[in-house]
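J.: Sequence first, then the predicted structure:
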Amino acid sequence: MTDVSHRDAGLLRVDTDECKGCGLCIEACPPKVIRMDESLNPYGYRTARYAGAGCTGCGICFLVCPEPGAITVLRAARPRQSTAPGQQARP
């Protein structure tokens, strides 16, 4: 059973034209949500792909990737807490 209230803290995008399939991101990913794709990119490489859920937004995959621009990590915005009238929001 999945927890509907749980949201991913990040989103991973892999540019298949830039990825060379070295697998460093797969090994470095703490939640293990990156897999090797079965299909080949236009250059003949099997590329990494995001499994679709579970990204924490840590960015370790981005840091270990040797190809500039192959991986983009987007962090989800934290929901703002509403304040009662007359109170100031905390920084």
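T.: Arrived safely. Numbers count the residues shown, from 1 in each chain.

J.: what ranges do the strands span in this structure?
T.: Per DSSP state E, the chain carries strands over the ranges 10-14, 34-40, 46-50, 71-75.

J.: So which of those strands has the densest surroundings on average?
T.: strand 46-50 (a mean of 20; mean count of other Cβ atoms under 10 Å). C-betas here are computed from N, CA, C, even on glycine.

J.: Quick check: residue 17 touching residue 40?
T.: No: taking contacts as Cβ atoms under 8 Å, residue 17 lies outside contact range of residue 40: 11.9 Å.

J.: now this structure, which segments are flagged as low pLDDT?
T.: Residues of the chain meeting the criterion pLDDT under 70: 1-7, 79-91.

J.: At which residues are the helices of it located?
T.: Using DSSP state H, the helices assigned to the chain run over residues 24-28, 60-64.

J.: I'd like those helices as CSV, with distance to residue 78 appended.
T.: Listed next are the helices of the chain as CSV, based on distance: least, Cβ to Cβ, whole Å:
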stretch, distance to residue 78
helix 24-28, 24
helix 60-64, 20
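
J.: With respect to residue 9, which of those helices lies nearest?
T.: helix 60-64 (13.1 Å; Cβ to Cβ).

J.: which other helices and strands contact the closest one?
T.: helix 24-28, strand 71-75 (3 or more Cβ pairs under 8 Å, 6 or more residues apart in numbering; DSSP states H and E).

J.: Now the first one: buried residues?
T.: I take that to be helix 24-28. 24-26, 28 (16 or more other Cβ atoms under 10 Å).

J.: From the contact counts, what lies against that helix?
T.: Using 3+ Cβ pairs under 8 Å, 6+ apart, helix 24-28 sits against strand 34-40, helix 60-64.

J.: any idea how far the longest one is from the chain center?
T.: Think strand 34-40. 15 Å (Cα atoms, centre = their mean, to the nearest Å).

J.: for the last one, same thing?
T.: Its chain's average C-alpha position is 10 Å from that of helix 60-64, according to Cα atoms, centre = their mean.

J.: For residue 43, see how far away residue 58 is.
T.: Look at residue 58 and residue 43: by Cβ to Cβ, to the nearest Å, they are 28 Å apart.
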